[in-house]
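1. sequence first, predicted coordinates after that:
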Amino acid sequence: MRVAIVINTSWNIWNFRRSLVKALQAAGHEVLAIAPPDDYSQRLETELGCRYVPVLMENKGTNPAKDAQLTQRFYRIYRRERPDVVLHYTIKPNIYGTLAAKLAGIPSVNNVSGLGTVFIVRNLVSRVALGLYRFAFRFPRRVFFQNDDDRQLFLQYRLVAPGITDLLPGSGVDIQRFQPAAEFTRNTPFTFLMIARVLYEKGIEEYFEAAKLVRQAVPGTRVQLLGGIDESGGVGVKRAIFEQWLQAGNIEYLGTSDDVASLIHQADCVVLPSYREGTPKTLLEAAAMGKPIVTTDVPGCRETVVHGHNGLLCQVRDAADLAEKMLQVQKLSDPDLAQMGRASRQLAEQKFDEQLVLDKYLRIVEELTRPGR
């Protein structure tokens, strides 16, 4: 059978859906990767064995005329490629791809991996988005959510029928690939790492302020940031402002990397002060590698931490509280820090093993492609 995976970037498929692609292929399915072209598009074909199909998509725009054209583009691709089932991720494929799949007579499965600014900032755009969700989500056969807060919010707003919803443990994490170090070591100086795009909603401004407070309390502490600058859509920090923040000297900016695991390995604690998430892949990887976590007590993030056990939860949009929690972790004794890391690994094994995610996808694909369905 032919299964299409549709996301807003090829990079997203490569980084977050690679295991799903391999699992589908191992089950005998042909996989189409449908996404806008970027530096990872060719790798989907040469290294993953997908057939890559480009689609023009403005990820951050909200122009109704352009979005209607996106539905047409998806429809033409679906009619031409004739997938047996389409798996949608991210907002625009979830909405416009679903409408196109319905028009093309192809069953679809959606994944709500985070609500972005739709439920964080209430304005005309968010109201339009809610209406579009309510209309489009009448048509998928299954809608996966990455945390129950998001699912309950969709049910509260009557955006989706309860019977087609299901929960996933985020994207899951490959617990064989992401392993703790053989022996516990503590860095000197202590090293914090945040992995996220440079967006306000990721808590980037709070992280810079917390870094200043932490380094005032414990001079020499290393506070690192890994992630790309994204100025599009008005939600990212402008490069000029970001570079001004960096000049204060409290954050080591690491840019971007294809080898995130090695940077997690070199950190003592992984931090994500996001305003809201689906379930952050980077925190799952950090947990699998046995790292303590400091993150916000918000939907998606709180699922990755048992407070005081494998990490600490802080208040959202509160740099002082974030700094306080970072310092609490930093002041732990070596045995306590090591135990917190072991608790993270145990949580990853019990709750976030990606095989749980793959099994659910394989079952729904089998169900929807079964002869006589």
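-> Arrived safely, thanks for sending. Residues are numbered from 1 along each chain as shown.
2. so which residues of this protein form strands?
-> In the chain, the segments counted as strands under DSSP state E are 2-6, 30-35, 51-54, 85-89, 108-112, 142-145, 165-167, 191-195, 222-226, 252-253, 269-272, 293-296, 311-314.
3. any idea which of those strands gets closest to residue 232?
-> With CB to CB, the closest approach to residue 232 among the strands of the chain belongs to strand 30-35: 16.2 Å. To be clear about C-beta, it is placed using only N, CA and C from the backbone, and glycine gets the same treatment.
4. what helices or strands is the closest one leaning on?
-> strand 2-6, helix 10-16, helix 18-26, helix 41-46, strand 51-54, helix 64-81 (3 or more CB pairs under 8 Å, 6 or more residues apart in numbering; DSSP states H and E).
5. list the buried residues for the second one?
-> This means helix 10-16. By neighbour count on 16 or more other CB atoms under 10 Å, the buried set for helix 10-16 is 10-14, 16.
6. show me what it packs onto, helices and strands only.
-> Applying 3+ CB pairs under 8 Å, 6+ apart, we find helix 10-16 packed against strand 30-35, helix 41-46.
7. what stretches of the stretch 151-300 of the chain score poorly on pLDDT?
-> Along the stretch 151-300 of the chain, segments meeting pLDDT under 70 span 233-234.
8. give me whichever of the helices and strands packed on helix 10-16 is most buried.
-> Of all the helices and strands packed on helix 10-16, strand 30-35 carries the top mean neighbour count, a mean of 24, counting by mean count of other CB atoms under 10 Å.
9. and the angle for that one with helix 64-81?
-> Comparing the axes of strand 30-35 and helix 64-81 via axes from the mean of the first three to the mean of the last three CA atoms, to 10 degrees yields an angle of 160 degrees.
10. so what strands line up beside strand 30-35?
-> Using DSSP bridges, strand 30-35 pairs in its sheet with strand 2-6 (parallel), strand 51-54 (parallel).
11. deepest of these, which one?
-> Most buried of the strands paired with strand 30-35 by mean neighbour count (mean count of other CB under 10 Å) is strand 2-6; its value is a mean of 25.
12. ok and that one relative to strand 108-112, angle-wise?
-> Strand 2-6 runs at 30 degrees relative to strand 108-112, counting by the same axes, to 10 degrees.
13. what comes into contact with strand 2-6?
-> With contact meaning CB atoms under 8 Å, 6 or more residues apart in numbering, strand 2-6 is reached by 13, 17, 20-21, 24, 29-35, 50, 53, 55, 74, 78, 81-89, 93, 97, 365, 369.
14. mind giving me the domain ranges of the chain?
-> Following automatic domain parsing, the chain resolves into domains at 2-172+353-369, 191-351.
15. possible to save the buried residues of helix 10-16 as a markdown table with distance to residue 349?
-> Shown next, in a markdown table, are the buried residues of helix 10-16 (distance: CB to CB, whole Å):
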| residue | distance to residue 349 |
| --- | --- |
| 10 | 30 |
| 11 | 28 |
| 12 | 25 |
| 13 | 26 |
| 14 | 25 |
| 16 | 20 |
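16. now a PyMOL select for only the buried ones of the contacts of strand 2-6.
-> Buried subset of the contacts of strand 2-6, written as a PyMOL selection, criterion 16+ other CB under 10 Å:
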select buried, resi 13+17+20+21+24+29+31+32+33+34+35+50+53+55+74+78+81+83+84+85+86+87+88+89+93+97+365+369
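17. rebuild the strands paired with strand 30-35 as a markdown table, extending it with distance to residue 205.
-> Formatted as a markdown table, those follow (distance: least, CB to CB, whole Å):
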| stretch | distance to residue 205 |
| --- | --- |
| strand 2-6 | 32 |
| strand 51-54 | 35 |
